[in-house]
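Visitor: one predicted model, sequence on top.
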Amino acid sequence: MASPFNILPGDGAERMAPPVGAHPRPTWLRVKFGGGPNYQDLTRIMRRLDLHTVCESARCPNMGECWDHRTATFMILGNICTRACGFCAVPSGKPLGPPEEDEPERVAEAAERMGLRYAVVTSVNRDDQVDGGARIFANTIEAIRRRLPECKIEVLIPDFRGHWPSLELLMAARPDVLNHNMETVPRLYRRVRKGAVYERSLELLRRARGIAPDVPTKTGMMLGLGETREEVLAAMQDIVAQGTHILTLGQYLQPDAEHLPIERYVHPDEFAEFKRLGEKMGFKHVEAGPLVRSSYHAFEQEAAARA
């Protein structure tokens, strides 16, 4: 039976993460929330243009740091997700209406006001739409490019329920990075990612590489949901076999009591080991650490993938 702490070979007791409930949140997960002039300015821009960010909706722990550095991840297609994943703080239910046709221009205006060199665009799941929102994604890429030709654009997309013409439509807009998160290991999919299929997400990454071989692909997983070390390594092997360039690994943090509990806190040393092993497997870049999220240091990740 695997250790409850998933201790790496050669690790001593001083490197084990405490079990959840036995101690307060570890010191490596404590962050200082920002609130400086840049943070306040970005808040005003987002409210004025009636835009959503995953930073706010998903309660990202890096929001203060990133907003103080004038980086944010736009969340398009509304703020209500048609799925109710066990880990996610974004509200779920029936969307209030169809996608807003002017949203791409509002996102582009915000990116211009922020002076972005690198924009990340994600969305809720819109299973009520035939194309899953792919057209709005494509329009957003094109709108940003018209205003900021030098700005690189990363899209973090849903699985479109395996409707591959939607993926082709999005890839035709030529994002600079295509990101789709696996989130967890296959054994935990039904509990963690309701409505998603492990093999379908792998296929999306593989198809994206086939459609545009020169566009780096990227994915991420959360740790601390009950997966074993062996399961994480097996999933990493599955992912790199699709030709995926970039992998992010971070600690799952429970948004509130209604969401899945944290099974364990993963020690920074274990993240460092996964990074080393991932790069040995063939990933161009692995960003791994307790506070890592999909868009954290995204600009540097894209540069590493193309090096």
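Guide: Alright, I've got the coordinates. This structure is a prediction, so every number in the text was calculated from the model and none was measured.

Visitor: any idea which helix or strand carries Leu249?
Guide: strand 246-251 (DSSP states H and E).

Visitor: helices of the stretch 151-300 of the chain, residue ranges please.
Guide: Assigned helices in the stretch 151-300 of the chain, in chain order: 164-171, 189-192, 198-211, 229-240, 268-281, 298-306 (criterion: DSSP state H, counting those that start in this stretch).

Visitor: and of those helices, who's closest to Leu77?
Guide: helix 164-171 (12.5 Å; Cβ to Cβ). Glycine gets a C-beta too; all of them are placed from N, C-alpha and C.

Visitor: may I have that closest one as CSV, with CA atoms only?
Guide: Output in CSV follows, covering the C-alpha atoms of helix 164-171 (Å, rounded to 0.1, in the frame of the first residue of the first chain):
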residue,chain,number,x,y,z
TRP,A,164,-13.5,18.4,-33.1
PRO,A,165,-14.7,20.9,-35.7
SER,A,166,-14.8,23.4,-32.7
LEU,A,167,-11.2,22.7,-32.0
GLU,A,168,-10.4,23.2,-35.7
LEU,A,169,-12.2,26.5,-35.7
LEU,A,170,-10.3,27.7,-32.7
MET,A,171,-6.9,26.5,-34.0
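
Visitor: picking up where we left off before, packing partners for the strand holding Leu249?
Guide: strand 217-223, helix 229-240, helix 268-281, strand 285-288, helix 298-306 (3 or more Cβ pairs under 8 Å, 6 or more residues apart in numbering; DSSP states H and E).

Visitor: winner for burial among those?
Guide: Scoring those by mean neighbour count under mean count of other Cβ atoms under 10 Å gives strand 217-223 as the most buried, with a mean of 25.

Visitor: by contact count, what packs against it?
Guide: Partner elements for strand 217-223 (3+ Cβ pairs under 8 Å, 6+ apart): strand 177-179, helix 198-211, helix 229-240, strand 246-251.

Visitor: which strands or helices does the shortest one pack on?
Guide: Using 3+ Cβ pairs under 8 Å, 6+ apart as the contact criterion, the secondary-structure elements in contact with strand 177-179 are strand 152-156, strand 217-223, helix 298-306.

Visitor: what comes up buried for that strand?
Guide: Buried residues in strand 177-179, counted by 16 or more other Cβ atoms under 10 Å: 177-179.

Visitor: Glu154: which of these is nearest?
Guide: Val177 (3.9 Å).
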